[in-house]
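J.: Build me a model from this:
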Amino acid sequence: MNTHLLIGIAVMMGLIGIGASRDLLRMRRAQLAPVTLRARRDGDSQDRS
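T.: Numbering: from 1, shown residues only. Got it, this is the predicted structure:
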């Protein structure tokens, strides 16, 4: 096959992949929710040795 055609197909597949990954990342970012964390204070910790 023609080398230019193969290079063009590779570029198009790369652009499609970049577009799909950006869309997936955007969807994942929309699903993220903040998580509440409880911090342990110095007086609350017990020595487990």
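
J.: how about the strands in this protein?
T.: In order along the chain, the chain carries no strands (DSSP state E).

J.: Below-threshold pLDDT in it: ranges please.
T.: Low-confidence segments of the chain (pLDDT under 70): 1, 43-49.

J.: again, only using 80
T.: Applying pLDDT under 80 to the chain flags the ranges 1, 29-35, 41-49.

J.: The residue nearest the centre of the chain and L6: what is the separation?
T.: Closest to where the C-alpha atoms of the chain average out (CA atoms, centre = their mean) is L25, at 5.4 Å. According to CB to CB, to the nearest Å, L25 stands 29 Å off from L6. Quick note: C-beta positions are derived from backbone N, CA and C, even for glycine.

J.: Then A30?
T.: Distance of A30 to L6, computed by CB to CB: 37 Å.

J.: Tell me which of those two has more neighbours.
T.: Counting neighbours by other CB atoms under 10 Å for A30 and for L6 shows that L6 has the greater number, 10 against 7.
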